[in-house]
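[1] Return a 3D structure for these sequence lines:
(chains A, B, C and D)
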Number of protein chains: 2
Amino acid sequence: MKYQAITIKDIAKALNLSTSTVSRALRDSHEISSATKQVVMEYAAKLNFQPNPIALSLKERKSHSIGVIVSEIANSFFSQIINGIESVANEKGYTVIISQSHENFEKEIRTLQYLASRSIDGLLISVSSATNDLSHLKGMHQSGMPIVFFDRTVEDITTHKVMVDNYQGAYNATMQLLAEGHHSIACVANSEHLSITKDRVGGYLAALQQHNITVDPALIKYCFHGGMLLTEVETAVHELLQASPRPEAIFATSDKLTTGCMRVLKRAGIAIPQDMALTGFSNSELIELLHAPITVVQQPAYEMGQVATELLLQLIESKRPVKDFKSIALQTRMVQPQ
Amino acid sequence: MKYQAITIKDIAKALNLSTSTVSRALRDSHEISSATKQVVMEYAAKLNFQPNPIALSLKERKSHSIGVIVSEIANSFFSQIINGIESVANEKGYTVIISQSHENFEKEIRTLQYLASRSIDGLLISVSSATNDLSHLKGMHQSGMPIVFFDRTVEDITTHKVMVDNYQGAYNATMQLLAEGHHSIACVANSEHLSITKDRVGGYLAALQQHNITVDPALIKYCFHGGMLLTEVETAVHELLQASPRPEAIFATSDKLTTGCMRVLKRAGIAIPQDMALTGFSNSELIELLHAPITVVQQPAYEMGQVATELLLQLIESKRPVKDFKSIALQTRMVQPQ
DNA sequence: ATGAAAGCGCTAACAA
DNA sequence: TTGTTAGCGCTTTCAT
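    Just a heads-up that it's a prediction; the model follows:
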């Protein structure tokens, strides 16, 4: 027994008008007498008439919903992004459907198919760390689905992209470790496939070179699952601890990896920063409460979500094919323990 | 220029059949010859035909989507619950639309209206800490919308409810503080309107009484916005610090409040647990990394989401009005610093 | 075994 | 200014 919503037809019948007149009156069409408009509007308001969005969607061939794929929402960075996305989307009358890839390639594909089957009007995606084949996204893109990449972008697909200046953020973080007097600095990075990994490792390397430090490739550890599996991080950190000479500091390229390293170091009884310094990207709100006071690179996540959504809605609502695609890089911020 | 999906009509035309035959063939109706079925199925598969869910929804008068309202997704407890919800909902072919009340009553109402306007088939809600008037929910419930409450439930609406044994969880936490030798234990609680607040404060009081400790009402502080505003927690904690005698321990009734207290204490230079012991509800994955090793009461959030969703889908798909409503209480778990 | 037609709720081209 | 009709994609009675 489901609530039976009232329809235009009901109003038409009650007021002895045609459905089209009612429809037009409700949209305040100029070709309807103000008298009729008034009656219709009042009656509709009284019954709390809500146009059926599904019927509208069918008519307009638009679902007024956009899909979002992130690796996981239980991650401050992504949940902040989602807040930004929703703020813009809801404002413009779009529903946001959130899906998680859990850093898993197959899950990303399945989730994408699912979203397509729900006929979303557009897609916002930060690809999973396990994604190295882009055919699923390319296919969707070629078939005309508006897509905007954020955070983890891809090169091969030409569309809007929103990220931070990952190179600069990583550069700054590494420079900070260098300024603190560390010379041997390791890097625990995300999957090698990711754009953000390349850029962040790039910034890390640049800082080292700036200080004329020869880079030891063995000090760069890639985590294919982005730290989703702690064992990955464990292996990476333990290998670093075995290295000789043992590095003095670690730069972690993502939220999950920063806290992951911290977890592993703590369990291994390595004091931060005395025995091993640590810096990394993180948007966690609990940073200041952690047992070790670490400096982090913070991203304007909320803003990133907003910008990406604005660009997507622009694509969706554009009358003519968009040719001019933007790649926007926002600035990161170093947050020091107070 | 939007991707033009293929329809049953396209298939019918290409195969020189009627749309009804195609429709029936695709649903494997017994009244279609297996030869025709085969041709249709193969052709549909080749073109990767996906039935338009919007058309289906219009026909069935079902959107196959459920709404979820939580205070905020950037909160481990809620993001874990959402994972549980999605696991069940997607499995059964439902889309989940997530909205946040941000512990704000007006926002909750607006968001509820929004969900209603998107014609959701059912609602899962954990009410905001600022919600003391239930008319918006009552109206929706009376009009026939299936609703299941989780976490923060309400008494006045008869339907399924899923929560944890809040009384027991709070009791255990308080007993632990008592066992550690603290006698004067304060409680920083959520809004007084909430079911969870009543139950958790109840468990706290019971533990104190068990130890024949007279309860000092001044040691119970309520935070109307659930710690959403740090100033709230600040005021509460500072008042407790001024009290004489100053309490030796704080029991915080929610995730946000536990970390909020920790933040305020840290800023005030109060060492945990030496100067002030702290325990509370929390599902944060970073607990073991916090500067102070605190014991927390953890909830089976993922499971809570699953159970609530199963009950909601049961309501949605039930042919006859459901009369027998369940209130399910899951067990909490004390997690000690290792 | 297959097709024609109606209808879900709404809008819009066309008629009046 | 208002009404009639068709159609969005699909299912389903009711013919054939």
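
[2] alpha carbons only for contacts and neighbour counts from here, please
    Noted.

[3] how about A:G67, secondary structure?
    Secondary structure of A:G67, reduced to three states by DSSP: H, G, I helix; E, B strand; the rest coil: strand.

[4] Contact residues of chain A facing DNA strand D?
    For chain A, the contact set with DNA strand D under Cα under 7 Å from any atom of the strand comprises A:16-21, A:30-37, A:55, A:58-59, A:61.

[5] 10 Å - rerun?
    A:12-13, A:15-25, A:29-40, A:54-61 (Cα under 10 Å from any atom of the strand).

[6] the inter-axis angle of the one helix or strand A:S99 maps to versus strand B:95-100?
    Using DSSP states H and E, A:S99 sits in strand A:95-100. Going by axes from the mean of the first three to the mean of the last three Cα atoms, to 10 degrees, strand A:95-100 is angled at 100 degrees with respect to strand B:95-100.

[7] And for strand A:95-100, what's in contact with it?
    Identification of contacts with strand A:95-100 by Cα atoms under 8 Å, 6 or more residues apart in numbering or on different chains yields A:64-73, A:85-86, A:89-90, A:107-108, A:111, A:115, B:95-98.

[8] Could you see whether DNA strand C lies near that strand?
    No. Strand A:95-100 lies out of reach of DNA strand C by Cα under 10 Å from any atom of the strand, never closer than 17.8 Å.

[9] What lies in contact with the helix or strand just after that strand?
    As assigned by DSSP H and E, the chain's next helix or strand after strand A:95-100 is helix A:105-117. Helix A:105-117 is contacted from outside by A:67, A:69, A:97, A:99-102, A:127-131, A:136, B:50-53, using Cα under 8 Å, 6+ apart.

[10] buried residues in whatever helix or strand A:K266 lives in?
    Assessed by DSSP H and E, A:K266 sits inside helix A:255-267. Within helix A:255-267, the residues scored as buried using 16 or more other Cα atoms under 10 Å in any protein chain shown are A:D255, A:K256, A:L257, A:T258, A:T259, A:G260, A:C261, A:M262, A:R263, A:V264, A:L265, A:K266.

[11] Following the chain past that helix, name the next helix or strand.
    Next in sequence after helix A:255-267, counting helices and strands by DSSP H and E, comes strand A:277-281.

[12] Can you show me the helices along chain A?
    With DSSP state H as the criterion, chain A has helices at A:8-15, A:19-26, A:34-46, A:53-60, A:76-91, A:105-117, A:135-142, A:166-179, A:195-210, A:230-242, A:255-267, A:301-317.

[13] So which of the ones you listed is nearest B:I196?
    Among the helices of chain A, the nearest to B:I196 by Cα to Cα is helix A:76-91 (24.5 Å).

[14] Now the stretch 151-300 of chain A against chain B: closest residue?
    A:H291 (3.2 Å; Cα to the nearest Cα).

[15] got a list of what that residue touches?
    Counting by Cα under 8 Å, 6+ apart, A:H291 touches B:L289, B:L290, B:H291, B:A292.

[16] mind running it again at 6 Å?
    Contact analysis of A:H291 by Cα atoms under 6 Å, 6 or more residues apart in numbering or on different chains lists B:L289, B:L290, B:H291.

[17] now these as a markdown table including pLDDT and distance to B:T235?
    Listed next are the contacts of A:H291 as a markdown table, based on pLDDT from 0 to 100; distance: Cα to Cα, whole Å:
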| residue | pLDDT | distance to B:T235 |
| --- | --- | --- |
| B:L289 | 95 | 26 |
| B:L290 | 95 | 23 |
| B:H291 | 93 | 22 |
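
[18] Just send these back as TSV, with distance to A:V164 too.
    Formatted as TSV, those follow (distance: Cα to Cα, whole Å):
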residue	distance to A:V164
B:L289	27
B:L290	28
B:H291	30
